[in-house]
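A.B. asks: Okay, here's the prediction I keep looking at, along with the sequence it came from:
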Amino acid sequence: MPRKIKVVNHPARPRALRVLARMRNRGEVLTQAARSEHTTPRTVVRIVGKQLRRSTSGRYSATSGDTLRRDINVFGAAGYVPVTVRSSKQPQLASDHLIAVGRFLRTGDAEWLKPFVGKRVGGVELLTDPDRIREFADADLIKLDSLYRQQRGGKYGN
């Protein structure tokens with residue numbers, strides 16, 4: 001009988017989640033997405049298997065959404081706030097917000113921030129005030145690639 005593993009703290013979990021995202025966003029097949037993220041399809045199926053559907057031909061496709069736990073950083077009025085969400089839609093919104101913040105900082109066009117006014121992720125309102133965002137940028141406190149929190153502890157100590 002295969003050994004059951006606790007996948008929440010598994011070191012391959014972030015890669016498996018990225019494979020799932022590639023399958024959803026780019027329409028890649030499991031093997032192609034797994035190869036791009038330097039993991040195997042078997043590992044992905046073992047970690048996020050319930051979020052994949054297998055067709056009669058044997059091909060896997062990603063479900064449109066999931067309820068997997070994700071520990072993310074949300075860019076709010078107080079800076080980055082760590083939150084835990086149980087939805088694939090919430091991290092996508094937080095990611096889209098960070099992309100818009102980056103575009104705003106490059107172009108100076110506040111129109112990029114308007115779709116996020118009043119939106120919340122994990123109970124934290126997304127920062128859309130251009131002056132406040134510039135303050136954070138001037139203090140070098142904006143890291144556009146810091147959506148996911150680093151996991152600590154657990155059996156693997158990652």
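C.D. replies: Cool, the structure landed.

A.B. asks: in the chain, which residue is closest to the centre?
C.D. replies: Pro91 (4.7 Å; Cα atoms, centre = their mean).

A.B. asks: State the distance from Leu144 to Leu68.
C.D. replies: Summarising the geometry, the distance separating Leu144 from Leu68, computed by Cβ to Cβ, to the nearest Å, is 23 Å. Just so you know, the C-beta spots here come from the backbone N, C-alpha and C atoms, and that holds for glycine as well.

A.B. asks: of those two, who's got more company?
C.D. replies: Neighbours were tallied for Leu144 and for Leu68 using other Cβ atoms under 10 Å; the higher tally belongs to Leu68 (20 against 13).

A.B. asks: show me what contacts the nearest residue in space to Lys114 that is not next to it in sequence?
C.D. replies: Of all residues beyond its chain neighbours, the one nearest Lys114 is Thr128 (7.4 Å), with distances taken as Cβ to Cβ, 6 or more residues apart in numbering. Thr128 sits next to Leu113, Lys114, Phe116, Val117 when contact means Cβ atoms under 8 Å, 6 or more residues apart in numbering.

A.B. asks: Looking at the residues you listed, which is nearest Arg22?
C.D. replies: Phe116 (24.0 Å; Cβ to Cβ).

A.B. asks: Pretty sure Ala100 is one of the things that closest one touches, is it not?
C.D. replies: Yes: using Cβ atoms under 8 Å, Phe116 is in contact with Ala100, at 6.3 Å.

A.B. asks: State the mean pLDDT of the top helix by length along the chain.
C.D. replies: The helix spanning the most residues in the chain, taking DSSP state H as the definition, is helix 89-107. pLDDT averaged over helix 89-107 equals 93, rounded to a whole number.
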